[in-house]
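1. Sequence and predicted structure, then a few things I'm wondering about:
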Amino acid sequence: MEMKRINAGKLRAIGYDARDKMLRVEFEDGTAMDYSGVGNEVWRKLSTSGSAWSYYRDNIEEEYTGRRGVVRKPTTRADLEDLFKPPAD
């Protein structure tokens with residue numbers, strides 16, 4: 001799922017999988033919520049809203065049951081190199 005970075009209220013990123021009708025919302029505190037059964041029109045309105053935080057609170061948070069997810073930080077080259085370092089004696 002491709003994420004769209006935003007800075008609206010406590011929202012930091014939003015993404016949508018049209019095939020599975022799955023919406024992911026990531027927050028400033030590093031948590032995320034996944035909502036299933038979200039229609040394309042709701043995604044369109046959220047992703048184009050001038051007030052995405054308010055739209056989320058009024059039309060998604062209260063209308064859909066979410067499942068807590070985890071925000072994964074992107075892997076860096078240093079992270080990968082750390083995996084392959086020989087053990088310290």
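-> Nice, thanks for sending it over. Numbers count the residues shown, from 1 in each chain.
2. going forward, measure contacts and count neighbours with C-alpha atoms only.
-> Will do.
3. which secondary element of the chain has the worst mean pLDDT?
-> Lowest on mean pLDDT, DSSP states H and E among the helices and strands of the chain sits helix 77-83, with a mean of 69.
4. helices and strands around whichever strand or helix holds residue 4, which ones?
-> Using DSSP states H and E, residue 4 sits within strand 3-8. The contact analysis (3 or more CA pairs under 8 Å, 6 or more residues apart in numbering; DSSP states H and E) places strand 3-8 against strand 11-17.
5. What pairs with the strand it packs on, parallel or antiparallel?
-> strand 3-8 (antiparallel), strand 22-27 (antiparallel) (DSSP bridges).
6. hmm, who's touching the last one?
-> Taking contacts as CA atoms under 8 Å, 6 or more residues apart in numbering, the residues outside strand 22-27 that touch it are 10-17, 32-38, 43, 71.
7. The first one too?
-> Contacts with strand 3-8, where a contact means CA under 8 Å, 6+ apart, come from 12-16, 51-53.
8. how about a cut-off of 10 Å?
-> Contacts to strand 3-8, defined as CA atoms under 10 Å, 6 or more residues apart in numbering, come from residues 11-17, 24-28, 47, 49-54, 56.
9. which among those residues end up buried?
-> Burial by neighbour count, 16 or more other CA atoms under 10 Å: within those this picks out 11-17, 24-27, 47, 52-53, 56.
10. Closest one of those to residue 64?
-> residue 56 (10.4 Å; CA to CA).
11. ok, and what's touching the longest helix seen in the chain?
-> Counting by DSSP state H, the longest helix found in the chain is helix 40-48. For helix 40-48, contacts defined as CA under 10 Å, 6+ apart pick out 4, 6, 13-19, 21-23, 49, 52-56, 59-60.
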